[in-house]
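Asks: just the structure for this:
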Amino acid sequence: MYRAPRLTATVAAGASVVLLSTACGGGGGQDANGDWTPERHIELIAPAETGGGWDQLARTTERVLVDNELVEQEVQVENKPGGGGAIGWADVASTPDDPHRLFVTSPPILLVPLAGESDHDHTDFTPLAGLATEYMTFAVPEDSPLESFDDLVDQISEDPESVSIAGGSAPGSMDHVALAGAVQAAGGDPTELNYIPYDGGGEAMSQMVGGHVDAVASGAAEAAPMVDSGDARLLAVTAPEPIDSLPDTPTLQEEGIDYDFNIWRGVMGPGEMTDEQVAYYDQLFGDMVETDDWQEEAESLGWEESYMDSEEFGTFLDENHEQSAEILDEVGLRGDQG
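Replies: As a prediction, the model looks like this:
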């Protein structure tokens, strides 16, 4: 059984950001006190197609920062899909000393390198903030004969090729690992899965509704639009307890399957950021998560409060890396030791 660590909410510093830039340099400006502020727009990269969890996080962050006037410079969201996130990570890694180029992140930054599918891992970047946590769901088309997660596992056990299950991450990454762990906990064989990867949960859901796959493993927020429209329904959610945003969806625990899995989400920057640049973003994201707008958006998307500052997020990533390696070993998906 895998239980990802529950994140502890912390109270962010409440002081407002000082945004008066007085000097220029390759990475931005520093004022007379040595405080750094951006000197051009901030690029916030979502390393996936539009409509998925990374895209939702990037666009929600951009909207809250701008609407609450927490930044003087523009924030521009860019989608760089491919390789389960590896294309976007490589793009940020190519400018290691540019503090204006950030990316939103989640467990694939640990899992994809461990699966041997990326040249860059979390140690190549600077952790800036852990922002939210949500849970994985397992969805089927509204007219599917599958009525429960046990039904799905039974069909996998009887004829693995007869049921295709899509995810918005690469083989060996978040959606695949969450699915494999749940199937294993339910008594199935995770090595028999017919897993179909897409570049984002939104695309995976669209493929299912279009009849191209039989089920989808995705974050709760990614599944919500298709559920709300009546095109899909959820078999189960990986939360340890029922969640308010999905009152009619049973947890795996309620179905007698001893398994839960959470999806942490955050922001990272390039690897060569200075202490002053990290301090700027620490303050910025700490202020953001305290706004009413952020808290309302998080509630509507089913995100739980789990803010971590840069130092806390870095410690969390190192600890979670070790746990992720153990999980991949258990389900036979680790590929970095080839």
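Asks: and for the residue nearest the centre of the chain, nearest residue in space, chain neighbours not counted?
Replies: The geometric centre of the chain, computed from its C-alpha atoms, lies nearest to residue 106 (CA atoms, centre = their mean), at 3.4 Å. Nearest-residue entry for residue 106: residue 265, 4.9 Å, with adjacent residues in sequence omitted and distances by CB to CB, 6 or more residues apart in numbering. (C-beta placed from N, C-alpha, C; glycine too.)
Asks: same question for residue 168.
Replies: Nearest non-adjacent residue to residue 168, counting by CB to CB, 6+ apart: residue 201, 3.4 Å away.
Asks: before we move on, back to that, let's verify the residue nearest to residue 106: helix, strand, or coil?
Replies: Look at residue 265: counting by DSSP: H, G, I helix; E, B strand; the rest coil, its state is strand.
Asks: quick one on the thing from earlier: contact partners for the residue nearest to the centre of the chain?
Replies: 53, 54, 57, 174, 263, 264, 265, 266 (CB atoms under 8 Å, 6 or more residues apart in numbering).
Asks: any chance of TSV for these, columns neighbour count?
Replies: Compiled in TSV, the contacts of residue 106 are given as follows (neighbours: other CB atoms under 10 Å):
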residue	neighbour count
53	29
54	34
57	27
174	29
263	24
264	22
265	26
266	26
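Asks: which one of the residues you listed sits closest to residue 325?
Replies: Distance to residue 325, by CB to CB, is smallest for residue 174 among these, at 14.4 Å.
Asks: tell me the pLDDT at the spatially closest residue to residue 246 that is not a sequence neighbour?
Replies: Using CB to CB, 6+ apart and skipping the chain neighbours, the partner closest in space to residue 246 is residue 237 (5.5 Å). According to the predicted model, the pLDDT of residue 237 comes to 96.
Asks: so what's the residue count around residue 237?
Replies: The local packing of residue 237 (other CB atoms under 10 Å) involves 28 other residues.
Asks: check residue 98 too.
Replies: Using other CB under 10 Å, residue 98 has 18 neighbouring residues.
Asks: in a strand, it, correct?
Replies: No: secondary structure assignment places residue 98 outside any strand; it is coil (three-state DSSP).
Asks: where's it relative to residue 39, distance?
Replies: 11 Å (CB to CB, to the nearest Å).
Asks: can I get the helix ranked longest in the chain in CSV, CA atoms only?
Replies: The helix that spans the most residues within the chain, counting by DSSP state H, is helix 310-330. Below are the C-alpha coordinates for helix 310-330, written out as CSV (Å, rounded to 0.1, in the frame of the first residue of the first chain):
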residue,chain,number,x,y,z
SER,A,310,10.8,26.9,-0.9
GLU,A,311,12.8,25.2,1.9
GLU,A,312,9.8,23.0,3.0
PHE,A,313,9.0,22.0,-0.6
GLY,A,314,12.7,21.1,-1.2
THR,A,315,12.7,18.8,1.8
PHE,A,316,9.4,17.3,0.8
LEU,A,317,10.7,16.5,-2.7
ASP,A,318,13.8,14.8,-1.4
GLU,A,319,11.8,12.6,0.9
ASN,A,320,9.1,11.9,-1.7
HIS,A,321,11.8,10.9,-4.2
GLU,A,322,12.8,8.0,-2.0
GLN,A,323,9.2,6.9,-1.6
SER,A,324,8.6,7.2,-5.3
ALA,A,325,11.6,4.9,-6.1
GLU,A,326,10.1,2.3,-3.7
ILE,A,327,6.7,2.5,-5.4
LEU,A,328,8.1,2.0,-8.9
ASP,A,329,10.1,-1.0,-7.7
GLU,A,330,7.0,-2.5,-6.2
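Asks: residues in contact with that helix?
Replies: The set of residues that contact helix 310-330 without belonging to it, under CB under 8 Å, 6+ apart, is 2, 4-5, 7, 10, 107, 109-111, 114-115, 121-122, 126-130, 172, 177, 181, 184, 264, 266, 278, 281-282, 308, 334.
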